[in-house]
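Trainee: Build me a structure from this.
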Amino acid sequence: MVSQNKGRSKNVKWHVLGGGFFGYMFDAMDIFLLAMSMKYILADLGLKPSEGGLLATATMIGVGISSFVVGWCADNYGRRKTLFYSLVLFGLLTATIYFANSWLQILLLRFLAGLGLGGVWSIIVAYIAETWPAHQRGRAASFVLSSFPVGAGLAAFLAYAIIPHFGWQALFLTGAGSILPALYFLIFVPESEVWAKQKQSQQAGDRVSFSEIFSKNLAPKTILATLAASAGLIGYWGCSTWLPLFLSKERGLSPEDASLFFVILNVGMFVGYNFFGILADRIGRKTAIMLSFFGTALTLPIYIMMTDPTALLVMGPIYAFFTAFVGLMGSYFPDLFPTRVRTLGAGFCFNIGRGTAAFAPFVMGHIAQASSFATGIMVCAGFFCLAGLIMITLPNIDAKQ
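Mentor: The predicted structure is shown next:
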């Protein structure tokens, strides 16, 4: 009986790894569909860059709000069911953009899709924390979340293949693919045993409260982790939203070549995620996150200052290699919180960070109008450095374990 339970537990963790990889891949792809189609949306609807930035902002505001709702649902009603509805919700709403014919309609659909998007990261990392042993969580979470650059690269490839022939609206139909990992979790991944046992130990009617992550013991961790995530994600989204336009408008690449460069850049990111995941299990997750932030702050300005296409092609993957902090936060944040509030706590820190970062594309769009895309992207390096400094104040959870 014991061996059967161990075998079942082992199978579950691998299903979580595979299902989580593809689930988060569609999360990333969904976000980057907007970035890859932005040039065409601006031209087709006659929008300014700042108005285009608001479309990305609306998505991230929805993500920020979801950190309250989805995290609370997952801690009170279960990981599996909440993840299923999150994946289905954002997939269907993204596909509905195919029928939109105005800026306001796209804005509303991006906001509503964001409500589903925000739940995917927090539930998947909670699943990993509750199915993988502590000494392997760094590499497990980093591998699953390394699907982010895969999703971004897939979005770039789909844009290259679909937009010239069928238009930018057709590109958003591919967002419905998130229903596939939703069904995978429903069929192959059971509810988290750790959550179920904790739930059984609660008294009837006892519900997780949002205020618990701001209790005396947890409040400093919640606040500092949220600030670190906010600074890092402001830098990341402020840069990533406008990077394809920067390459085409200010470095002279065709939209097709800019898409190809973006795919290659994400290969570097994929390698970096998995390298830093293995490194985190050896030197500690906090230290690895700090190296990621400071490395990104150093390499981004070098990349942006380059003008030669070959140099951009080479330096892009090097810069992207260091942007592994999202994967590392996925293994670090859940272990800051007890099982009872794990999804709510980790999801709050990360998704409030994403919600705060919602305004970065809008602000960077204004900077681009006043100066250049290069100037706006360069500002982002300062936020990466700030995030690394904030991480110094957070606990070394691996030393305690």
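Trainee: which is the next helix or strand following the helix or strand harbouring residue 39?
Mentor: Under the criterion DSSP states H and E, the helix or strand holding residue 39 is helix 2-45. Scanning forward in sequence from helix 2-45 by DSSP H and E, the next helix or strand is helix 49-77.
Trainee: can you pull the buried residues of that following helix?
Mentor: Neighbour counts over helix 49-77 (16 or more other C-beta atoms under 10 Å) mark 49-68, 70-76 as buried. Glycine gets a C-beta too; all of them are placed from N, C-alpha and C.
Trainee: Output the contacting helices and strands for it.
Mentor: helix 2-45, helix 79-95, helix 103-131, helix 342-356, helix 359-370 (3 or more C-beta pairs under 8 Å, 6 or more residues apart in numbering; DSSP states H and E).
Trainee: quick one: which of those is nearest residue 155?
Mentor: Evaluated over the helices and strands packed on helix 49-77, closeness to residue 155 peaks at helix 2-45, with 3.7 Å, by C-beta to C-beta.
Trainee: now the angle between helix 79-95 and the closest one, please.
Mentor: Following axes from the mean of the first three to the mean of the last three C-alpha atoms, to 10 degrees, one obtains 20 degrees for the angle between helix 2-45 and helix 79-95.
Trainee: and the helix holding residue 39, how far from the chain's centre?
Mentor: 10 Å (C-alpha atoms, centre = their mean, to the nearest Å).
Trainee: and that helix with helix 342-356, angle?
Mentor: Relative orientation of helix 2-45 and helix 342-356, computed by the same axes, to 10 degrees: 20 degrees.
Trainee: the inter-axis angle of the helix or strand encompassing residue 162 versus helix 2-45?
Mentor: Here residue 162 sits within helix 147-166, counting by DSSP H and E. Put simply, helix 147-166 runs at 40 degrees to helix 2-45, going by the same axes, to 10 degrees.
Trainee: okay but residue 32 is in contact with residue 148, surely?
Mentor: No - using C-beta atoms under 8 Å, residue 32 is not in contact with residue 148, being 9.2 Å away.
Trainee: Can you get me a residue count around the residue nearest to residue 123 when sequence neighbours are not counted?
Mentor: Using C-beta to C-beta, 6 or more residues apart in numbering and skipping the chain neighbours, the partner closest in space to residue 123 is residue 83 (4.4 Å). Close neighbours of residue 83, defined as other C-beta atoms under 10 Å, add up to 28.
Trainee: how about residue 83, what does it touch?
Mentor: Contact analysis of residue 83 by C-beta atoms under 8 Å, 6 or more residues apart in numbering lists 23, 74, 119-120, 123-124, 127, 182, 185.
Trainee: Neighbours of residue 313, how many?
Mentor: By other C-beta under 10 Å, 16 other residues sit near residue 313.
Trainee: do you know how far it is from residue 305?
Mentor: 15 Å (C-beta to C-beta, to the nearest Å).
Trainee: next one: residue 41
Mentor: Residue 41 is 29 Å from residue 305, by C-beta to C-beta.
Trainee: the more surrounded of these two?
Mentor: Using other C-beta under 10 Å as the criterion, residue 41 and residue 305 rank with residue 41 on top: 19 against 11.
Trainee: Please spell out which residues along the helix or strand hosting residue 295 are buried.
Mentor: Residue 295 belongs to helix 285-305 when assigned by DSSP H and E. For helix 285-305, the neighbour count (16+ other C-beta under 10 Å) marks 285-297, 299-300, 303-304 as buried.
Trainee: Name the next helix or strand downstream of it, please.
Mentor: Assigned by DSSP H and E, the successor of helix 285-305 is helix 309-321.
Trainee: quick one: buried residues of that next one?
Mentor: 312-313, 315-317, 319-321.
Trainee: Kindly report the same for stretch 222-230.
Mentor: Under 16+ other C-beta under 10 Å, the buried positions of stretch 222-230 are 222, 224-230.
Trainee: Relative to residue 154, which of these is nearest.
Mentor: Among those, and counting by C-beta to C-beta, the member closest to residue 154 is residue 229, at 24.5 Å.
Trainee: what helix or strand does that closest one sit in?
Mentor: helix 219-240.
Trainee: ok, residues contacting the next helix or strand after that helix?
Mentor: For helix 219-240, the succeeding helix or strand toward the C-terminus, using DSSP H and E, is helix 243-245. Here helix 243-245 makes contact (C-beta under 8 Å, 6+ apart) with 35-36, 38-39, 49, 156, 255, 258-259, 262, 265, 368, 373, 377.
Trainee: For residue 323, which three-state class applies?
Mentor: Following DSSP: H, G, I helix; E, B strand; the rest coil, the label given to residue 323 is coil.
Trainee: Backbone dihedrals for it, please?
Mentor: Note on residue 323: backbone dihedrals following degrees, to the nearest 10 are phi -80, psi 40.
Trainee: quick one: contacts for it?
Mentor: Per C-beta under 8 Å, 6+ apart, neighbours of residue 323: 236, 269, 272, 292, 296.
Trainee: Quick check: buried residues in the helix holding residue 162?
Mentor: Going by neighbour count (16+ other C-beta under 10 Å), the buried part of helix 147-166 is 147-160, 162-163.
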